[in-house]
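[1] Test case, fold it:
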Amino acid sequence: MIQTASIVGLAKTILILLLAYSIFKYVMRLLSPWIIRSMARKMAQKFNQPPPNYNSQNEGDISIDKTEIKQRPKQDVGEYIDYEELD
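    Prediction:
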């Protein structure tokens, strides 16, 4: 069965969309302070935690960790040819 569009159906659809948008906007206005507070609390907890690689050394202690420098094998790129510019 083929249905045709009507002005009444279009008006109902537009009214439903406007009503849904209004309800969503009102609910978000009520919930946004709670959402922002919870996000700020989580960020504060993350900020106050020490980093995962935190060493409990005393202030002023110095430690130097040396890593081995891996030498790359020299690659032979060819013979260098010296040249002169011609005038």
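[2] okay, CA-based contacts and neighbour counts for the rest of this
    Fine.
[3] Which pLDDT does the model give the residue most central in space within the chain?
    The centroid of the chain falls nearest to M43 when counting by C-alpha atoms, centre = their mean (14.4 Å). For M43, the model assigns a pLDDT of 94.
[4] Then the one 5 residues further on?
    Looking at N48, its pLDDT reads 87.
[5] How many neighbouring residues does it have?
    By other C-alpha atoms under 10 Å, 8 other residues sit near N48.
[6] if we can go back for a sec, how about the residue nearest to the centre of the chain, secondary structure?
    Following DSSP: H, G, I helix; E, B strand; the rest coil, M43 is assigned to helix.
[7] how close does it get to I35?
    Going from M43 to I35 by C-alpha to C-alpha, to the nearest Å gives 12 Å.
[8] Please apply the same query to R29.
    10 Å.
[9] what does Y21 give?
    19 Å.
[10] ditto for D61
    Taken as C-alpha to C-alpha, the span from D61 to I35 is 43 Å.
[11] of the two, who's got more company?
    I35 (12 against 6).
[12] Which helix or which strand is home to the more buried one?
    Using DSSP states H and E, I35 falls within helix 7-48.
[13] I'd like to know which elements that helix is packed against.
    Using 3 or more C-alpha pairs under 8 Å, 6 or more residues apart in numbering; DSSP states H and E, no helix or strand is in contact with helix 7-48.
[14] Please compute how far it lies from its chain's middle.
    In terms of C-alpha atoms, centre = their mean, to the nearest Å, the centre of helix 7-48 is found 22 Å from the chain centre.
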